[in-house]
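Colleague: Just the structure for this:
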Amino acid sequence: MAVYADTHIHLYECYELPQALAGLADRLGRLATAAGGTPETVDRVALLAERKQCAFFRSFHAAGTTRLDGGLELRAGPGPECVTVWRDGQPLLFLIAGRQIVAAEGLEILALTADVRIPDGLPAQDVLAAVRAAGALPVIGWSPGKWFGARGRLVSALVAAAEPGALLLGDTRIRPWAWPEPGSMRAGRARGLRVIAGSDPLPFAGEERMLGTYGVAWPGRLDAADPARSVREALQRPETEVRLVGRRGGLLAMVRRTAGNELNRRRERA
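Modeller: Numbers count the residues shown, from 1 in each chain. Model prediction:
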């Protein structure tokens, strides 16, 4: 029995949604199978980190039931922070609410397992306090260029001040496999802070193929009555044996993906 989770996903209008969700679930399933699991013994989970302009979770949950191509059906629940993806009448994936907030300093802070309403542009300390007050999991996500210089020193200070369970650090597939683990991640691990991982797909067509390629796994099963709470508690408990699964891309892949993201931003501004 195990849980396999991509802990940093985005959904965008440019994605082919049925393929994105089915592919995500199938890739998590393949990671589990490679480790000796079977679909019957694995819970597959995707933790949303939606940007301010996105509201897929709110839309799906409010709709109650949403039918998609490919035999997919999205059903609200169980619980207020979860939507279950079904395929051909069988539960396939738990899609769990979460938001991404950009702090005043430019750091990306995730509020996982809860659909919080925190504006961008607040100081990082205030964002983290608001995430905790909302009952969400606070995560500082790695991003190219944002853990260096003054921002890097801020991350180090936030890590040094945090107690285990009060802050998580998020790794991402964007960080090349040959890139050494950032010093703040190493320092966080040494202090008992948990490092989690996710695919962190970018907002242009084709990036949905990244979903489910990098994440975490831990033994056990989720509480079927409230999967979001179950995930939150598991990731906060020091005794949960969480391991990274999947793989990150290479340096050339990072350059290509970030260049594609910048081109997409320019098109949006034009």
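Colleague: I figured W218 hits E241, correct?
Modeller: Yes: using C-beta atoms under 8 Å, W218 makes contact with E241 at a distance of 5.8 Å. From N, CA and C alone the C-beta is placed, and that goes for glycine too.
Colleague: quick one, which of these two is more surrounded?
Modeller: With neighbours defined as other C-beta atoms under 10 Å, W218 and E241 compare such that W218 has more, 17 against 10.
Colleague: looking at this, that one is in a strand?
Modeller: Yes: according to DSSP: H, G, I helix; E, B strand; the rest coil, W218 belongs to a strand.
Colleague: Report the beta-bridge partners for it.
Modeller: Note on W218: beta-bridge partners by DSSP bridges are V3.
Colleague: What are the neighbouring residues in contact with it?
Modeller: Going by C-beta atoms under 8 Å, 6 or more residues apart in numbering, W218 touches 2-3, 234, 240-243.
Colleague: gap between it and E233?
Modeller: Noted for W218: a distance of 11 Å to E233, by C-beta to C-beta, to the nearest Å.
Colleague: picking that back up, just the ones of the contacts of W218 in strands?
Modeller: Counted as lying in strands by DSSP state E, out of those, are 2-3, 243.
Colleague: Just the buried ones out of those, please.
Modeller: Neighbour counting over the ones in strands among the contacts of W218 (16 or more other C-beta atoms under 10 Å) leaves 2-3 as the buried ones.
Colleague: Output the ones in strands among the contacts of W218 in TSV, with pLDDT and distance to G135 appended to each entry.
Modeller: As requested, those are exported to TSV (pLDDT from 0 to 100; distance: C-beta to C-beta, whole Å):
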residue	pLDDT	distance to G135
A2	96	25
V3	97	20
R243	96	26
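Colleague: Closest one of the ones in strands among the contacts of W218 to E73?
Modeller: V3 (22.0 Å; C-beta to C-beta).
Colleague: Summarise which helices and strands whichever strand or helix holds R132 is packed against.
Modeller: Here R132, judged by DSSP states H and E, is contained in helix 124-133. Packing partners of helix 124-133 (3 or more C-beta pairs under 8 Å, 6 or more residues apart in numbering; DSSP states H and E): strand 108-112, strand 137-141, helix 149-161.
Colleague: Run through the bridge partners of I9.
Modeller: Beta-bridge partners, per DSSP bridges, of I9: L48.
Colleague: per-residue confidence at it?
Modeller: In this model, I9 is scored at 98, pLDDT.
Colleague: ditto for G36
Modeller: Looking at G36, its pLDDT reads 81.
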